[in-house]
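>>> curious how this folds, go ahead:
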Amino acid sequence: QVQPVETGGGLVQAGGSLRLSCAASGRTFSNYNVGWFRHQAPGKEREFVAAIRWSDGRPYYADSVKGRFTVSRDNAKNTVYLQMNSLKPEDTALYYCAAGVGNVLRADEYNYWGQGTQVTVSS
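Below you'll find the model as predicted:
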């Protein structure tokens, strides 16, 4: 089975940028959609952020990040990236990468999850 591993989180000022990486461990991401989700606070559900579909590389974005975040993949490096620009304090969250074969927008359609990487945006 594939195990996603996230890196790249950190502390950044509002308006700044970060790039998150999601590397596949164990197996490759071949035939898996890869999604990014975030968990902003206890009691809140995990929120869809972005995803890239395996079959054609089509990206998907939540409205809240459209135009600011870009999801991409490097098949040779078996890694998916989330480039986050124009960051806002409300983007502060624990960001997870996940791999699955179902609906790219639904967290329950992803079978394999990473441990998460913290992104904190200061105002």
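>>> just the element for the most centrally placed residue in the chain, please.
The residue lying closest to the centre of the chain (Cα atoms, centre = their mean) is residue 36, at 2.4 Å. Using DSSP states H and E, residue 36 sits in strand 33-39.
>>> quick one: buried residues of that strand?
33, 34, 35, 36, 37, 38 (16 or more other Cβ atoms under 10 Å). In this view, the C-beta of every residue, glycine as well, is placed from N, C-alpha and C.
>>> and the contacts of stretch 1-8?
Stretch 1-8 is contacted by residues 18-29, 32, 34, 95-99, 111-117 when judged by Cβ atoms under 8 Å, 6 or more residues apart in numbering.
>>> buried among the residues you listed? Make that a ChimeraX selection.
Listed next is the ChimeraX selection for buried residues among the contacts of stretch 1-8, using 16+ other Cβ under 10 Å:
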select :18,20,21,22,23,24,29,32,34,95,96,97,98,99,112,113,114,116,117
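>>> now the strands for the protein?
For the chain, applying DSSP state E gives strands covering 3-7, 10-13, 18-25, 33-39, 47-52, 59-61, 69-74, 79-84, 93-100, 110-113, 117-122.
>>> residue 83: how many residues sit nearby?
Residue 83 is flanked by 15 other residues according to other Cβ atoms under 10 Å.
>>> list the contacts of it.
Residue 83 neighbours (Cβ under 8 Å, 6+ apart): 17, 19, 69, 70, 71, 72.
>>> does the third one really touch residue 88, like I thought?
Right, residue 69. No. Assessed by Cβ atoms under 8 Å, residue 69 is found out of contact with residue 88, at 11.1 Å.
>>> pick out whichever of those two has more residues nearby.
Ranked by neighbour count (other Cβ under 10 Å), residue 69 and residue 88 place residue 69 first, with 21 against 14.
>>> tell me the contacts of the residue nearest to the more buried one when sequence neighbours are not counted?
What sits nearest to residue 69 in space, not counting adjacent residues and going by Cβ to Cβ, 6 or more residues apart in numbering, is residue 84, at 5.1 Å. Residues in contact with residue 84 (Cβ under 8 Å, 6+ apart) are 17, 18, 19, 20, 65, 68, 69, 91, 119.
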